[in-house]
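S.K.: Model the structure of this input:
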Amino acid sequence: MKRILTVDDSTSMRQMVRATLQSAGYGVVEAADGQEALEFARGNAVDLVIADVNMPRMDGIQLVTELRALPDYRLTPLLLLTTESSQERKLAGKRACATGWIVKPFNPAQLLATLTRLFGTA
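M.R.: Numbers count the residues shown, from 1 in each chain. Below is the predicted model of the structure:
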């Protein structure tokens, strides 16, 4: 089973993402902000990270930068899930080496289709 780390300061958004992922057979680990996610990632590998951009303590773009510096996360897909749609923020995500960008409110079928493209199957 693929394990996915979801990172969002919104409890309701984490719940929606978790429900979508679990319904498709993925294992889910949650973090409330980038700092919490980074602390988890330093001792645990996951198959994918889905992170919000705008969060307290450490935003998603900084999280992607920090994760890419860890040997276990150099090749891990890192998706940004956010209300941000500006080209400037997307470029910042690209520069940080994010794998992709999904705009909120997300469509569950679209999210799962993205994961199928990344993994093949759950």
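S.K.: Any idea which residue is closest to the centre of this protein?
M.R.: Ile50 (1.1 Å; C-alpha atoms, centre = their mean).
S.K.: That one should be in a strand, yeah?
M.R.: Yes: according to DSSP: H, G, I helix; E, B strand; the rest coil, Ile50 belongs to a strand.
S.K.: Quickly list what it is bridged to.
M.R.: Note on Ile50: beta-bridge partners by DSSP bridges are Thr6, Leu79.
S.K.: I'd say it and Met13 touch.
M.R.: No: the criterion here is C-beta atoms under 8 Å, and Ile50 misses it with Met13 at 10.1 Å. Every residue, glycine included, has its C-beta placed from N, CA and C.
S.K.: Return every residue with contacts to both of these two.
M.R.: Shared contacts of Ile50 and Met13, defined by C-beta atoms under 8 Å, 6 or more residues apart in numbering, are found at Leu81.
S.K.: which helices and strands sit right next to the helix or strand of the chain with the lowest mean pLDDT?
M.R.: When the helices and strands of the chain are scored by mean pLDDT, DSSP states H and E, helix 87-95 comes last with a mean of 85. Packed against helix 87-95 by the contact rule (3 or more C-beta pairs under 8 Å, 6 or more residues apart in numbering; DSSP states H and E) you find helix 60-68.
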